[in-house]
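[1] take a look and give me a structure for this.
(4 chains)
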4 protein chains.
Amino acid sequence: MRVGILTGGGDCPGLNAVIRAVTKSLIHRCGAEVVGFVDGFEGLIRNDTRPLAWRDASGLLTLGGTVLGTSNKANPFQYWREDGADVSDRAASVYHEHGLDALVVIGGDGTMSIAHRMQQKGLNLVGVPKTIDNDLMGTDRTFGFDTASMIAAEAMDRLHTTAASHHRVMICETMGRYAGWIALYAGVASGADVILLPEFPYELEEVIRICQARERGGQRFTIIAIAEGAHPEGGVQSVAKTIPGSPDPVRLGGACQVLGAGLEAQIESEVRTTILGHVQRGGSPTPFDRVLSTRFGTYAAELVADGASGVMVARRDGRMTAVPFAEVADKTKLVGADDPLVRAALDVGTSFGTASLTPDLSRMA
Amino acid sequence: MRVGILTGGGDCPGLNAVIRAVTKSLIHRCGAEVVGFVDGFEGLIRNDTRPLAWRDASGLLTLGGTVLGTSNKANPFQYWREDGADVSDRAASVYHEHGLDALVVIGGDGTMSIAHRMQQKGLNLVGVPKTIDNDLMGTDRTFGFDTASMIAAEAMDRLHTTAASHHRVMICETMGRYAGWIALYAGVASGADVILLPEFPYELEEVIRICQARERGGQRFTIIAIAEGAHPEGGVQSVAKTIPGSPDPVRLGGACQVLGAGLEAQIESEVRTTILGHVQRGGSPTPFDRVLSTRFGTYAAELVADGASGVMVARRDGRMTAVPFAEVADKTKLVGADDPLVRAALDVGTSFGTASLTPDLSRMA
Amino acid sequence: MRVGILTGGGDCPGLNAVIRAVTKSLIHRCGAEVVGFVDGFEGLIRNDTRPLAWRDASGLLTLGGTVLGTSNKANPFQYWREDGADVSDRAASVYHEHGLDALVVIGGDGTMSIAHRMQQKGLNLVGVPKTIDNDLMGTDRTFGFDTASMIAAEAMDRLHTTAASHHRVMICETMGRYAGWIALYAGVASGADVILLPEFPYELEEVIRICQARERGGQRFTIIAIAEGAHPEGGVQSVAKTIPGSPDPVRLGGACQVLGAGLEAQIESEVRTTILGHVQRGGSPTPFDRVLSTRFGTYAAELVADGASGVMVARRDGRMTAVPFAEVADKTKLVGADDPLVRAALDVGTSFGTASLTPDLSRMA
Amino acid sequence: MRVGILTGGGDCPGLNAVIRAVTKSLIHRCGAEVVGFVDGFEGLIRNDTRPLAWRDASGLLTLGGTVLGTSNKANPFQYWREDGADVSDRAASVYHEHGLDALVVIGGDGTMSIAHRMQQKGLNLVGVPKTIDNDLMGTDRTFGFDTASMIAAEAMDRLHTTAASHHRVMICETMGRYAGWIALYAGVASGADVILLPEFPYELEEVIRICQARERGGQRFTIIAIAEGAHPEGGVQSVAKTIPGSPDPVRLGGACQVLGAGLEAQIESEVRTTILGHVQRGGSPTPFDRVLSTRFGTYAAELVADGASGVMVARRDGRMTAVPFAEVADKTKLVGADDPLVRAALDVGTSFGTASLTPDLSRMA
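    Predicted coordinates for the structure are as follows:
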């Protein structure tokens, strides 16, 4: 049995742990030969490979990044190096040239979408869900999310102490362009006072009201977790208008700076911003993510060994299962207002920046 | 509405986070007055309390330990300070004296057993499951377990590098007297070569065989995760017999030392042992445990507010639910040989120290 | 004996450890009464105090921030709340009102400058040097610097792995407006390929040359540590000119964004930026900083007990000593091109972004 | 120029960082060829080598352990594999066979002693001091010590919180057989109440007096840091005698268990023990240790390039310098009762377990 493996899309803690689990498991189960493609689908298109023996998979469990490299540009159906040409036939012939029985692709919704189309071309693919954002349909959890949330929560823990020394509003921007899971999770974990998500456009006046209520109540600080995709109700220009001199909205910058500028103009406390950026994607995965990666990887190997394809492994209600590509390709799982974690956050006094998603401030004293 | 709260049994990361969530949530939901009992049931018996206002609950989320104190000796039905007398009526009258509508008890199987009996005396109790060992029936997960596993996994990560420098066998003893979840989880997370659990008595010869196969195969080290309750097939004396001079089995010490002595006598590599002990119970909980504690606490408050009692909150298949005390009191959830994580570990080459739970070593090269 | 204590200027890990050490040491040495002033000199001006008994000082060692609060605006000689009026007499009378024998001030060069002038008004002051930037004259080291450097180095470690997965240039901005010690130290600690400091204006062309040499040499990434005060030779406009469309230099933003924009226009790899901000100031101090804080604090207490004043405690060549305020007030210790750490960094292949401070790239292959 | 390098003695965080710095620096300075000997002097005796090019040295900075392997048994003057024979001539001829101009040896006092004798045989050696114990003569600091202290301090931080929940005495055993620097440093950093070192035999009665005074004073816990080489005044039998049933002293075990048994017999609080063991030697070095390793390594390369030999690099008063082997071989730097850190610890209320090294308990309330 010969099996290929590649990692697609953005980097994510746990990729190496999955590569290790798939490789070791396939060798252990059926003595398979495993071959890695370098830089995601780029390696499939350009036939750039490296063999993966048992020994090559050793030591990968705790390692950040991916030893195979990845790319978030390489799409066989629209290849960036050739003006968006369809080179999927070329990719398919590389697959056959290597005599592969299956290809395991580790990636996000974009990767699953490509996998879906390659499957339709007669190849056998099995997907492993990957996104630090945890916004993939069909699975409760993706690896990398626990690590990203932990990094964001630790940063907010640090901001907490320094905010308390200074009468300050601290804004911390996490990743999450379309879905706010990291900001939600890290915000609840670090006791953020306000959590702003792409899913709930925030009302600047409401955020100001909370900061001021806290100032009046004698609390020395307000901690705000904001996802990079969070935006004000009414758009950036609605914030710009409230700032003396009404600056060009473009000059304000990203989510964190827009909110910061809007607050600074109207509250007494100093406002400070932190943008964590790619720090959230790097380094060794947490034990939780290593275990999840190992389970995803061994389950993918089991599916391959059993001849299954056209599916992505998933964790549902705590159990491993397989989901057809069609159910997950190009779909995003968003935070809902009735999500249990949103309700729990409201219960302990956290606001989501809108009047309807703010707890009763009068009881919090 | 007046609600009491106490923490029973051994210390566990996340206790303060639960106290905070229960308190804030009850105040926010129904303006309840919350009173904490000091040192677990000891405080209920001796009427030792402290009020818990919103402000008292602030800053607790990330704090290790329990601000209320705990005790693993105080049982109202068998009170240690009075020669094991039944003082449960006294405890019940303290409950009524405070005019409580309910009492939230955070604890393990022993605490749930006491809660069950107090409930039968006409008090209203709601339980929150707590054990770093994750061995409580009725719930998929308990808070504290993620933190304990992370601490154990980090220690094993460190042992990994130093073992590789020296041709060594490194044994790391984790908590887990009856159930081996921490050793299993941390062992998988850190890529232990052998994991020994109370549930599967190990065969010393098999462990030796693995260490020697690795020596021969050119690997410089073997990492063994062992739960404090793990023991050899045939008992300690069976190991003592294999050691030159056959020492008194009692002199060998705990799980870690017994195995260490048994290995040292028969393999070439040096053997080193680490006993993590209570380090696994202390310090700030991981973000995962803080979120879980917050969800448990707010859900317990919801149950109390809704008038429910006689139940423990639980997480099943990712959702919060309530389980009758009778289902969980004095029961232990053990690791089974068919547990998915055990199977995943075997797949990536980890042995559980018995011939039947060891992967095919011939393929691991 | 009665002694006051306050913390001035920006927040810094280890402030609480110093407060603890000064307080406990004064009580232990001479049974002193210690009183804390709230929010730095603000508390001295407004007579806002809290008593500090032995017990109040317990538990502070590992705590981030300052329990006394701080302010970087409150200067008795130019009081912000009263239009910059000189209220130093009022501050002095509060000192006398409390019957103080001495006042311990923990702060940076600005605080030492105020202390110097208060001393000249006949008060007895002893200073403890504090700045995460380590740029205070007269002392080899300040507490907080080890913690800040560790946080920055850990962030760069994470960026390292994710950069390697993607063919990327990663820029990480650290604190350091005038002096680049954090960027230098964290950059060396994490193996940054380029370190850019305020002291050495960088040549954009040189940085590009290095990135391109690494791309050509097959290295997948370049890590750049940049202090917030680092700037290009020729100013921001010189960078703006090299960018297609020549954007308004103001629109580019801070140090990190200016460099990022300059690189993005001319190299093939993707460029990503991280701005750590106040995360570097918060959280529990490292053991190194806790020990240093304890030594600074106990030595300050010793000086006070011995009747010394008008001096700042300092560490020189590993030993505690006292330095007159005049020698340190309003002075900054900068990184020199002949600093041993700069030379060591060049030796292991790190460039400082100028032709004269770049190693011989031809040997690095 | 051809230069050899080896790592001797026990493992230590920062070894790889030194290997990297020496290698890169020698290549960068003089285009040297560098060759590594495997497993310390074992590799020199058996001519087991691997080349070290620039690229081989990349990625080593943050890595725990040593890629060259080490041995604490291989002494050319008394070779364990050949019944203690003197094989130093064979080792010397391997040196000449490789045409080496110098050999850099990274190790502790034992390694420096061997280096001293090899130097006398006409070889050129330069030493780099290594010991997590920081007990090497001639240098203020050794790399690895900061990492070991941080790991020990973090463990004690965790024990602190869990001790406070339970009315407990927590004993944490650190490394340090002859010198107590790790226990001292980590103890001060984590606010241990009692610190027990090999240098000051402790009085069991005094330790009991402190625990009881704390119990009476309402403090819920006592934290004791103990070095593995610490022992009671009067020997283990003097402790055994105080325990009911007077157990066989040998059965009590190591430093931690002896003290634990002695306390348990006489105080009310529960006693719990943790033995950190080799966890202190493993894993990624702290930024402090990485910087120190880099400075040691580049300075060693500078010495080699300048033709110096017969010396060990050292840090004295914050500066790099060279010390003749004779001054450091087989010598140990002990903690003195007048060490500034001991005095600082006493000042903040820490006892060293003897009447003369215990602060005035009456003031600590």
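[2] drop to CA atoms for contacts and neighbour counts, all remaining ones
    Will do.
[3] show me what whatever helix or strand A:D89 lives in is in contact with.
    For A:D89, the host element (DSSP states H and E) is helix A:88-97. Helix A:88-97 is contacted from outside by A:44-47, A:76-77, A:118, A:121, A:123, using Cα atoms under 8 Å, 6 or more residues apart in numbering or on different chains.
[4] taking those one by one, which sit in helices?
    Using DSSP state H, the subset of the contacts of helix A:88-97 located in helices is A:44-46, A:118.
[5] which two from those end up farthest apart in space?
    A:R46 and A:M118 (15.9 Å; Cα to Cα).
[6] name the residue in those two with the higher neighbour count.
    Between A:R46 and A:M118, counted using other Cα atoms under 10 Å in any protein chain shown, A:M118 has the larger neighbour count: 20 against 14.
[7] list the residues that contact that one.
    By Cα under 8 Å, 6+ apart, the neighbours of A:M118 are A:88, A:92, A:125.
[8] format those residues as JSON lines; extra columns: neighbour count and distance to D:N16.
    JSON lines is the format used below for these (neighbours: other Cα atoms under 10 Å in any protein chain shown; distance: Cα to Cα, whole Å):
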{"residue": "A:S88", "neighbour count": "21", "distance to D:N16": "45"}
{"residue": "A:A92", "neighbour count": "18", "distance to D:N16": "44"}
{"residue": "A:L125", "neighbour count": "27", "distance to D:N16": "41"}
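[9] phi first, then psi, for A:E264.
    Per-residue torsions, A:E264: phi -50, psi -30 (degrees, to the nearest 10).
[10] same thing with the one 10 residues further on?
    Here is the backbone geometry of A:T274 (degrees, to the nearest 10): phi -130, psi 130.
[11] run a quick check on it versus C:T273, I expect a contact.
    No. The criterion here is Cα atoms under 8 Å, and A:T274 misses it with C:T273 at 12.0 Å.
[12] can you count the residues close to the closest residue to A:G10 other than its chain neighbours?
    The shortest distance from A:G10 to any non-neighbouring residue, by Cα to Cα, 6 or more residues apart in numbering or on different chains, is to A:N72 (5.9 Å). For A:N72, the neighbour count with other Cα under 10 Å is 18.
[13] mind checking the SS state of A:N72?
    Following DSSP: H, G, I helix; E, B strand; the rest coil, A:N72 is assigned to coil.
[14] that older thread, which one of the ones in helices among the contacts of helix A:88-97 is nearest A:G283?
    Among the ones in helices among the contacts of helix A:88-97, A:L44 lies closest to A:G283 (Cα to Cα), at 26.4 Å.
[15] quick one: the strands in the stretch 1-150 of chain A?
    For the stretch 1-150 of chain A, applying DSSP state E, counting those that start in this stretch gives strands covering A:2-7, A:33-37, A:49-52, A:102-107, A:125-129.
[16] could those go into CSV alongside mean pLDDT?
    Shown next, in CSV, are the strands of the stretch 1-150 of chain A (pLDDT from 0 to 100):
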stretch, mean pLDDT
strand A:2-7, 98
strand A:33-37, 98
strand A:49-52, 97
strand A:102-107, 98
strand A:125-129, 97
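[17] distance to B:P324 for those strands - can I get that in CSV?
    Shown next, in CSV, are the strands of the stretch 1-150 of chain A (distance: least, Cα to Cα, whole Å):
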stretch, distance to B:P324
strand A:2-7, 46
strand A:33-37, 50
strand A:49-52, 51
strand A:102-107, 42
strand A:125-129, 36
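[18] please work out which of those strands is packed deepest.
    strand A:125-129 (a mean of 28; mean count of other Cα atoms under 10 Å in any protein chain shown).
[19] what's that strand in contact with?
    The contact list for strand A:125-129 (Cα under 8 Å, 6+ apart) reads A:102-109, A:112, A:115, A:118-119, A:136, A:139, A:142-143, A:296-297, A:300, A:303-304, A:308-314, A:325.
[20] re earlier: whichever of the contacts of helix A:88-97 end up buried, select them in ChimeraX.
    In ChimeraX, this line selects whichever of the contacts of helix A:88-97 come out buried by 16 or more other Cα atoms under 10 Å in any protein chain shown:
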select /A:44,45,47,76,77,118,123
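[21] from the contacts of helix A:88-97, pick the one nearest A:V3.
    When those are ranked by distance to A:V3 (Cα to Cα), A:L123 comes first, at 11.6 Å.
[22] isn't that closest one right up against A:I114?
    No. Using Cα under 8 Å, A:L123 makes no contact with A:I114, being 11.7 Å away.
[23] not counting residues beside it along the chain, what's closest to A:A265?
    A:I243 (5.8 Å).
[24] I should have written A:V271 there, sorry.
    In this structure, A:V271 finds its nearest non-sequential neighbour in A:V169, 4.7 Å apart by Cα to Cα, 6+ apart.
[25] paired strands for the host helix or strand of that neighbour, with orientation please.
    For A:V169, the host element (DSSP H and E) is strand A:168-174. The strands beside strand A:168-174 in its sheet (DSSP bridges) come out as strand A:221-227 (parallel), strand A:270-275 (parallel).
[26] comparing those strands by mean pLDDT, which bottoms out?
    For these, mean pLDDT drops lowest on strand A:270-275, to a mean of 92.
[27] what's the following helix or strand past it packed up against?
    The first helix or strand that comes after strand A:270-275 along the chain, using DSSP H and E, is helix A:287-305. If you count contacts as 3 or more Cα pairs under 8 Å, 6 or more residues apart in numbering or on different chains; DSSP states H and E, helix A:287-305 packs onto helix A:15-30, strand A:125-129, helix A:145-164, strand A:311-316, strand A:319-324, helix B:145-164, helix B:181-190, helix B:340-347.
[28] the inter-axis angle of helix A:287-305 versus strand A:319-324?
    Angle, helix A:287-305 to strand A:319-324, by axes from the mean of the first three to the mean of the last three Cα atoms, to 10 degrees: 50 degrees.
[29] by how many degrees do helix A:287-305 and helix A:145-164 diverge?
    On the basis of the same axes, to 10 degrees, helix A:287-305 is oriented at 160 degrees to helix A:145-164.
[30] export helix A:287-305 as PDB, just CAs?
    Taking C-alpha atoms only, helix A:287-305 is exported to PDB below (Å, rounded to 0.1, in the frame of the first residue of the first chain):
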ATOM      1  CA  PRO A 287      -1.100  18.400  25.100                       C
ATOM      2  CA  PHE A 288      -4.800  18.600  24.300                       C
ATOM      3  CA  ASP A 289      -3.900  19.400  20.600                       C
ATOM      4  CA  ARG A 290      -1.300  16.700  20.500                       C
ATOM      5  CA  VAL A 291      -3.800  14.100  21.700                       C
ATOM      6  CA  LEU A 292      -6.500  15.400  19.300                       C
ATOM      7  CA  SER A 293      -3.900  15.400  16.400                       C
ATOM      8  CA  THR A 294      -2.900  11.800  17.300                       C
ATOM      9  CA  ARG A 295      -6.500  10.700  17.300                       C
ATOM     10  CA  PHE A 296      -7.300  12.400  14.000                       C
ATOM     11  CA  GLY A 297      -4.200  11.000  12.400                       C
ATOM     12  CA  THR A 298      -4.700   7.400  13.500                       C
ATOM     13  CA  TYR A 299      -8.400   7.500  12.600                       C
ATOM     14  CA  ALA A 300      -7.500   8.800   9.100                       C
ATOM     15  CA  ALA A 301      -5.000   5.900   8.800                       C
ATOM     16  CA  GLU A 302      -7.700   3.500   9.800                       C
ATOM     17  CA  LEU A 303     -10.100   4.900   7.100                       C
ATOM     18  CA  VAL A 304      -7.400   4.700   4.500                       C
ATOM     19  CA  ALA A 305      -6.500   1.100   5.500                       C
END
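[31] pull the distance from that helix to the chain's centre.
    From the chain centre to the centre of helix A:287-305 is a distance of 18 Å (Cα atoms, centre = their mean, to the nearest Å).
[32] what angle do that helix and helix B:181-190 make?
    Using the same axes, to 10 degrees: helix A:287-305 against helix B:181-190 is 70 degrees.
[33] tell me the angle helix A:287-305 makes with strand A:102-107.
    Using the same axes, to 10 degrees: helix A:287-305 against strand A:102-107 is 150 degrees.
[34] pull the contacting residues for the residue nearest to A:A265.
    By Cα under 8 Å, 6+ apart, the neighbours of A:I243 are A:261-262, A:265.
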